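**Q** Sharing a model prediction with you, sequence too.
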Amino acid sequence: MMKPSMLRSLHSAATRGASHLSRRGYASEPGPERKVAVLGAAGGIGQPLSLLMKLNPLVSSLSLYDIAGTPGVAADVSHINTRSKVAGYQGEAELGKALEGADVVIIPAGVPRKPGMTRDDLFNINAGIVKALCTAISKYCPHALVNMISNPVNSTVPIAAEVFKKAGTYDEKRLFGVTTLDVVRAKTFYAGKANVPVDGVNVPVVGGHAGITILPLFSQATPKANLDDDVIKALTKRTQDGGTEVVEAKAGKGSATLSMAYAGALFADACLKGLNGVPDVVECSFVQSTITELPFFASKVRLGKNGVEEVLGLGPLSDFEKQGLESLKGELKSSIEKGIKFANQ
């Protein structure tokens, strides 16, 4: 994955159309023509996400959509001297044009969390937005890989699935809940406690994408570190509460927009690599799954030309993680059912 030292690489990315941010960073070769659409491109996540996708040489066409403000964002981003051609679309009448021919659709659209607001408080607003956008996706680019960022992901992914089912376009291999920020946080926090370079750290995160449904598997973290049980518990809690930490730190003026944009760009890059046939692309994502009794679950998935090529198992869990897994199931089940119910109203 890309190193967090993005700033040091911006110049090389802009001037050479490629950023060698790590051994698993952006590709140096452009590859085939790929269109990426960002829905919600003028928002707090959408703007930095649009910038990061403009820097990715795997993107040949970048389509930016929002209900307002998109022309300015598109004009701004379009001046960056990298491969992709940029087009901005504003308002519902232009949504179809934004989506036509898209290979990957990233959805950060919706309202952000504010102090005291739970992800559940976001539900009615963001669920309606997601339902409308997915209805358009099913019409204009039914075979695109859909990367769902809009919260609450535990409910918006099931909403999208139901919308696609009604339209007759559902392919469980092409719908992803982006949980990459949980992985990014787990890696960062673990590296700090283990005193190891963060760019070499790997930590799987499973379950869902809210509170206790987020389950980092620090027992499987590499490189191995002999951390005390209380440290592991504290790291788990901090990973679960990472979004709240940012909301409170911004004191009512925003949520996790920059780190979420970074995580969204990482996952979209992985999807593009998979589409282009790069071997052994594995990321954690909230997808349709049979590895537990729940219909959707986040775990490691192997990405390829069809989207999800394989949903990987959980692997060996510590007693603490086994307990966490059982504790999260009830809440995650409820969130999934809430999304399905909303979609079918």
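**A** Received it, and whenever you're ready, just let me know what you need.
**Q** Please make it C-alpha for all contacts and neighbour counts, starting now.
**A** OK.
**Q** correct me, but S259 touches D182?
**A** No. Distance between S259 and D182: 10.1 Å, which falls outside the contact criterion (CA atoms under 8 Å).
**Q** Settle it for me: which of these two has more neighbours?
**A** D182 (28 against 20; other CA atoms under 10 Å).
**Q** The more buried one: what's it in contact with?
**A** Listed by CA atoms under 8 Å, 6 or more residues apart in numbering, the contact partners of D182 are 205, 209, 214, 216, 239-240, 242.
**Q** residues contacting the nearest residue to P216 once chain neighbours are set aside?
**A** The spatial neighbour of P216 that comes closest, neighbours along the chain excluded (CA to CA, 6 or more residues apart in numbering), is V205 at 4.1 Å. Under the criterion of CA under 8 Å, 6+ apart, the contact partners of V205 comprise 182-183, 186, 214-217, 284, 298-299.
**Q** same deal with G339?
**A** Neighbouring residues of G339 by CA under 8 Å, 6+ apart: 127, 154-159.
**Q** Which of the helices or strands spans K300?
**A** strand 296-304 (DSSP states H and E).
**Q** Does A37 belong to a helix, a strand or coil?
**A** Reducing the assignment at A37 to three states with DSSP: H, G, I helix; E, B strand; the rest coil gives strand.
**Q** 132 is where my numbering starts, stick with that
**A** Yep, numbering from 132; the last one is A168 now.
**Q** Quick check: it touching D197?
**A** No. The pair A168 and D197 fails to qualify as a contact (CA under 8 Å) at a distance of 10.7 Å.
**Q** The two: who's more crowded?
**A** Between A168 and D197, counting by other CA under 10 Å, A168 is the more crowded of the two (28 against 24).
**Q** so how far is C402 from G232?
**A** 16 Å (CA to CA, to the nearest Å).
**Q** Settle it for me: which of the two has more neighbours?
**A** Regarding G232 and C402, a neighbour count based on other CA under 10 Å identifies C402 as having more, with 30 against 18.
**Q** if I look at the more buried one, how far off is D234?
**A** From C402 over to D234 the distance is 10 Å, taken as CA to CA.
**Q** ok so, going back, what element comes up after the strand holding K431 heading to the C-terminus?
**A** Next in line after strand 427-435, if elements are assigned by DSSP H and E, sits strand 438-442.
**Q** per-residue confidence at the closest residue to A392 other than its chain neighbours?
**A** Here the nearest residue to A392 in space, its sequence neighbours aside, is L180; by CA to CA, 6+ apart that works out to 4.6 Å. Predicted confidence (pLDDT) for L180: 98.
**Q** go on, G203?
**A** Here, the pLDDT recorded for G203 equals 98.
**Q** Tell me which helix or strand comes right after the host helix or strand of V377.
**A** Secondary structure from DSSP H and E places V377 in helix 373-380. The element immediately downstream of helix 373-380 (helix or strand, assigned by DSSP H and E) is helix 389-406.
**Q** Which strands and helices lie in contact with that next one?
**A** Here helix 389-406 touches helix 177-185, strand 235-238, helix 311-325, strand 412-419, strand 427-435, strand 438-442, going by 3 or more CA pairs under 8 Å, 6 or more residues apart in numbering; DSSP states H and E.
**Q** now for these, which one comes closest to L459?
**A** Shortest separation from L459 across the helices and strands packed on helix 389-406 is recorded for strand 427-435, at 10.8 Å, computed as CA to CA.
**Q** That closest one - contacts with which helices or strands?
**A** Looks like strand 427-435 contacts strand 336-338, helix 389-406, strand 412-419, strand 438-442 (3+ CA pairs under 8 Å, 6+ apart).
**Q** I'd like the average pLDDT over the last one.
**A** For strand 438-442, the mean per-residue pLDDT is 98.
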